[in-house]
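A.B. asks: Attaching a predicted model along with its sequence, questions to come.
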Amino acid sequence: MGRRTILLITSILIAAIGTALVAVYVRTADARARQDQTLVNVLVATAPIAPSTSGKNAPLAFKQMPAGLVQGLSLVTDRKTIDSQVAQSTIFTGTPIQTSMFGTTTPSSSLIGLPQNMVGVTISVTDAGRVAGFAREGSDVAVYSTSESGGQDQTIRLLLPKVRVITLGGQVPNQSGKAASDQSASSNVPQTLVTVQVTPNEAPKLILASETSTLYLALLGPATNVPPSQPRTLSQLLASSG
């Protein structure tokens, strides 16, 4: 067999192998895409759930969500399994119910060292919103909120100048009741549950802001004091810095 014939046969074999590998890759990618788009029934909160609420009385319902969005979460698949359990912390509207969110032990503020006349409120923030993970238990943080300003620039405001982080929970998909403009940009960004220590007067402000805007935590130094300020738009901030 001539050298030219051998080279021709080798080229044909290499082309065939390459074609087969491409076909395998395409089928695998297609399978992954179908898996991400497959809808699965997920038990979610249909209204905010307060700590110590029993699973039997909690406002829960099954909702179809993309499988890829809840992949890796330890979800409650049978509501009856948590009927006799209670919520361990605040659960926001639209949050997929994970097994760790309910337990047989009634949560007690004394377990987390909550001072007298203070309350704990759980909010959900992105990784950027919690200072890329640098905000941890015991950290002092300022809380900022951003929202649309009448169809104009986004508005940023100092919500609370100083609060203490009590605990950080697991990640959940962003399914809370944010404004539509915020959801379109971050609906697929996982959120981390963060419980902070606030006064009873600060709690309603923080809860309402968590349902209507995007929250950001700013890590405070030992002697940092954040002065009060008026809500500002990006245009105003750029004008003042110029």
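C.D. replies: Here it is on my side, so go on.

A.B. asks: Next, count neighbours for Tyr216.
C.D. replies: Burial of Tyr216 is recorded as 19 neighbouring residues (other CB atoms under 10 Å). No exception for glycine: its C-beta is placed from N, CA and C like everyone else's.

A.B. asks: confidence score at the nearest residue to Thr233 once chain neighbours are set aside?
C.D. replies: Residue nearest to Thr233 in three dimensions, not counting chain neighbours: Asp153, with 3.6 Å by CB to CB, 6 or more residues apart in numbering. Reported pLDDT at Asp153 in the predicted model: 73.

A.B. asks: I'd say Asp153 and Arg232 touch.
C.D. replies: No - the pair formed by Asp153 and Arg232 falls short of the contact definition of CB atoms under 8 Å, at 9.0 Å.

A.B. asks: between those two, which one's more packed in?
C.D. replies: Set side by side, Asp153 and Arg232 show unequal neighbour counts under other CB under 10 Å, the larger going to Arg232 at 18 against 15.

A.B. asks: Next one: that one from Gln85, what distance?
C.D. replies: Distance, Arg232 to Gln85, by CB to CB, to the nearest Å: 44 Å.

A.B. asks: again, but for Glu211
C.D. replies: Looking at Glu211 against Gln85, where the rule is CB to CB, the gap reads 25 Å.

A.B. asks: What values do phi and psi take at Leu234?
C.D. replies: Dihedral angles of Leu234 (phi, psi; degrees, to the nearest 10) stand at phi -60, psi -40.

A.B. asks: The biggest strand by length in the chain - contacts with which helices or strands?
C.D. replies: For the chain, the strand that runs over the most residues, judged by DSSP state E, is strand 154-172. Counting contacts by 3 or more CB pairs under 8 Å, 6 or more residues apart in numbering; DSSP states H and E, strand 154-172 is packed against strand 119-125, strand 140-148, strand 191-198, helix 202-212, strand 232-233.

A.B. asks: quick check: angle from whatever helix or strand comes next after the fourth one to strand 154-172?
C.D. replies: Put plainly, it is helix 202-212. Once helix 202-212 ends, the next helix or strand along the chain (criterion: DSSP states H and E) is strand 214-219. With axes from the mean of the first three to the mean of the last three CA atoms, to 10 degrees applied, the angle from strand 214-219 to strand 154-172 works out at 80 degrees.

A.B. asks: what lines up beside strand 214-219 in the sheet?
C.D. replies: According to DSSP bridges, strand 214-219 forms sheet pairs with strand 140-148 (antiparallel).

A.B. asks: the inter-axis angle of the strand it pairs with versus helix 202-212?
C.D. replies: Using the same axes, to 10 degrees, strand 140-148 lies at 40 degrees relative to helix 202-212.

A.B. asks: what residues does strand 140-148 touch?
C.D. replies: For strand 140-148, the surrounding residues in contact (CB atoms under 8 Å, 6 or more residues apart in numbering) are 131, 135, 154-165, 179, 181-182, 196, 206, 209, 212-220, 224, 226.

A.B. asks: Phi first, then psi, for the closest residue to Ser52 other than its chain neighbours.
C.D. replies: Distances taken as CB to CB, 6+ apart place Val86 nearest to Ser52, at 5.0 Å, with adjacent residues excluded. The phi and psi values for Val86, taken as degrees, to the nearest 10, are phi -130, psi 150.

A.B. asks: quick one: pLDDT of Val86?
C.D. replies: The confidence metric pLDDT takes the value 90 at Val86.

A.B. asks: Low-confidence regions, this protein specifically.
C.D. replies: Segments of the chain classed as low confidence (criterion: pLDDT under 70) are 1-8, 22-26, 28-37, 107-113, 149-152, 169-190, 241-242.

A.B. asks: Find the centremost residue of it, please.
C.D. replies: Central residue of the chain (CA atoms, centre = their mean): Gln191, 1.2 Å from the mean position.
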